[in-house]
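>>> Using only what follows, build the 3D model:
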Amino acid sequence: MSYEVRPLGPGEQRLAWDLASLTFGYHDRPMPDGWTSDSTGRRTLGVFDPDGRLVAKAVDREQGQWFGGKVVPACGVAGVATAAELRGRGLGRLVLTGLLRGARERGAVISTLFDTTPAPYRALGWEEVGALVYHRVATRVLAGTRPDPTITLRPAAEADLPAVAEIYRVAARTATGMMERSEPTFGLADHDGFTVAVDEGNTMVGYASWNRGPGYDASGRLTVDDLIGLTPEATRTLVSMLGGWASVAPTVLLRLGPADPVWSLLGRADATPETAQPWMLRVVDAPAAIAARGWPRHLTGRADLELTDDVCQWQQGRFRLIVEDGNGRLEPGGAGTLRLTPRGLAAWYAGAATPQHLRRGGFLTGGDPDTDEFLRAATAGPAPTLHDYF
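I've put the predicted structure just below:
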């Protein structure tokens, strides 16, 4: 059977709603007035059978993510769905390969997604590089942290949002994989509480966004989406504020990355993962992706790579990786000394695996200890982290 792969038209939004709502389990809800799968920064690609039925779809979200101190243009994949009767027949591969081509054409150089199951995405070159994790902590544990007398806490106001956005950006810039956010992301109405930390010079140095669950008995809980302090004093004081809920909300759920400074105030044994949503990365345009991210300013080196990729065939071949003065470039040519699979390239680019780990998984071959050390140093840094689900 032949299928047509194309963007959804204006009159086809009901088809997208019906397929997605059945796939993801909200088919009992009516389609909201004005709902659309496409909006600014979102493009839905559909697969249609000869009768015009939408049998698969996926959404390309235009977004940016921080790597090496720079925002890298990304394709965030969401809403992937295939008709139940046709799963396992290659329609997911059909729509996702089309989505990757379109994403590259519009300027995306990497692609990320949250996977419900890794196998079909790994078959197309994505690799798991991190997870969005909420950790369960007994509030009484946080109550042991004392506030700093130099920090004042107060509820955030609309006028604070630009400063809050900049606090997030400072933290994201020094992380790996964090989403670039715009100020509207920080809507105060999205949270029950939005607390900012101010130092003695009246400078905002941290914030926490949180939601208070129902009840004030053993079921009471506080869910904290962001807790970012730019100073240790701000971090301690915000943690202490959360501890003040111990009498009515004995549980706090904290969204934390593996290297978050909040861990310096917690014992790892005191925090239990409540939910973990793995996320994956794929390189879509290798030369452009290498040029887009930041690199260690004091590292100079080069390595000859051979990239294999039967999905994004435009980036197959031999290249010379050159890193110098905090910049990187991938030039055609070289001897192809090191051979990387798409999954190996993704994990290395994200700093999620060392060359030694990639070799053990079969994703990297060739080279020697010197080239391994160069690759390791090039993407060494904080473990990949995301605080935004999409």
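
>>> Output stretch 367-383 as CSV, nothing but the C-alphas.
What follows is stretch 367-383, C-alpha atoms only, in CSV (Å, rounded to 0.1, in the frame of the first residue of the first chain):
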residue,chain,number,x,y,z
GLY,A,367,41.4,5.2,17.2
ASP,A,368,43.7,4.9,20.2
PRO,A,369,44.0,6.1,23.8
ASP,A,370,45.0,9.6,22.6
THR,A,371,41.9,10.0,20.4
ASP,A,372,39.7,8.6,23.1
GLU,A,373,41.1,11.2,25.6
PHE,A,374,40.4,14.0,23.1
LEU,A,375,36.8,12.9,22.6
ARG,A,376,36.3,12.5,26.3
ALA,A,377,37.6,15.9,27.2
ALA,A,378,35.7,17.6,24.3
THR,A,379,32.2,16.8,25.8
ALA,A,380,33.1,16.4,29.5
GLY,A,381,30.8,18.3,31.8
PRO,A,382,27.6,18.1,33.8
ALA,A,383,25.4,15.1,33.1
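
>>> for that stretch, what is the average pLDDT?
With pLDDT averaged residue by residue, stretch 367-383 scores 97.

>>> One more: stretch 59-77?
98.

>>> when you give positions from now on, start the count at 18
OK, 18 is where the count begins now, so the last one is stretch 76-94.

>>> So for Thr202, what's the pLDDT?
59.

>>> now the helices for the stretch 218-367 of the chain?
249-260, 303-309, 359-366 (DSSP state H, counting those that start in this stretch).

>>> Would you mind finding the most buried of these?
Most buried of the helices of the stretch 218-367 of the chain by mean neighbour count (mean count of other CB atoms under 10 Å) is helix 359-366; its value is a mean of 26. For the C-beta atoms, the positions are set from N, CA and C on the backbone; glycine is no exception.

>>> Show me what secondary structure element comes after it.
From helix 359-366 onward toward the C-terminus, using DSSP states H and E, the following helix or strand is helix 372-378.

>>> Return the set of buried residues in that following helix.
372, 375-376 (16 or more other CB atoms under 10 Å).

>>> got a markdown table for the residues you listed, with pLDDT too?
Output for those, formatted as a markdown table (pLDDT from 0 to 100):
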| residue | pLDDT |
| --- | --- |
| Pro372 | 97 |
| Leu375 | 98 |
| Arg376 | 97 |
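
>>> what's stretch 25-39 in contact with?
With contacts defined as CB atoms under 8 Å, 6 or more residues apart in numbering, stretch 25-39 is touched by 44, 46, 48, 52-55, 61-63, 70-74, 96, 98, 100-101.

>>> List the ones among the residues you listed that fall in strands.
61-63, 71-74, 96, 98 (DSSP state E).

>>> ok so, going back, would you mind writing the PyMOL command to select the buried ones in the contacts of stretch 25-39?
Filtering those down to the buried ones (16+ other CB under 10 Å) takes a single PyMOL command:
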select buried, resi 54+55+61+62+63+71+72+73+74+96+98+100
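
>>> Closest one of the ones in strands among the contacts of stretch 25-39 to Trp331?
Leu62 (18.1 Å; CB to CB).

>>> beta partners for the closest one?
Note on Leu62: beta-bridge partners by DSSP bridges are Pro24, Ala75.

>>> Quick check: it touching Arg118?
No - contact criterion CB atoms under 8 Å: Leu62 and Arg118 do not qualify, at 9.6 Å.

>>> sorry, back to before: out of the helices of the stretch 218-367 of the chain, nearest to Gly194?
helix 359-366 (10.3 Å).

>>> Give me the contacts around the closest one.
84, 127, 139, 142-144, 146, 297-300, 303, 306, 310, 324-326, 328-329, 357, 369-370, 372, 374-375, 378, 380-381, 392, 396.

>>> One more pass at 6 Å, please.
142, 144, 298-300, 326, 370, 375, 380-381, 396 (CB atoms under 6 Å, 6 or more residues apart in numbering).

>>> Distance from the chain centre to it, please.
Mean-position distance between helix 359-366 and its chain equals 15 Å (CA atoms, centre = their mean, to the nearest Å).

>>> Just the CA atoms of it, as PDB, please.
Extracted in PDB, the C-alpha atoms of helix 359-366 (Å, rounded to 0.1, in the frame of the first residue of the first chain):
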ATOM      1  CA  PRO A 359      24.300   7.500  15.100                       C
ATOM      2  CA  ARG A 360      23.600   6.400  18.700                       C
ATOM      3  CA  GLY A 361      27.200   6.700  19.600                       C
ATOM      4  CA  LEU A 362      27.400  10.200  18.100                       C
ATOM      5  CA  ALA A 363      24.300  11.200  20.000                       C
ATOM      6  CA  ALA A 364      25.600   9.900  23.400                       C
ATOM      7  CA  TRP A 365      29.100  11.500  22.800                       C
ATOM      8  CA  TYR A 366      27.700  14.800  21.700                       C
END
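
>>> mean confidence for that helix?
Rounded mean pLDDT across helix 359-366 is 98.

>>> Give the ranges of residues in the stretch 168-317 of the chain that sit below the confidence cut-off.
200-203 (pLDDT under 70).

>>> Which parts of it are strands?
169-172, 210-215, 221-229, 238-246, 268-272, 288-300 (DSSP state E, counting those that start in this stretch).

>>> could you dump those to TSV with mean neighbour count?
As requested, these are exported to TSV (neighbours: other CB atoms under 10 Å):
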stretch	mean neighbour count
strand 169-172	13
strand 210-215	21
strand 221-229	22
strand 238-246	22
strand 268-272	23
strand 288-300	19
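
>>> so which of those strands gets nearest Gly260?
Nearest of the strands of the stretch 168-317 of the chain (CB to CB): strand 268-272, 8.3 Å.

>>> in its sheet, what does the closest one sit against?
When DSSP bridges is applied, strand 268-272 pairs with strand 144-155 (antiparallel), strand 238-246 (parallel).
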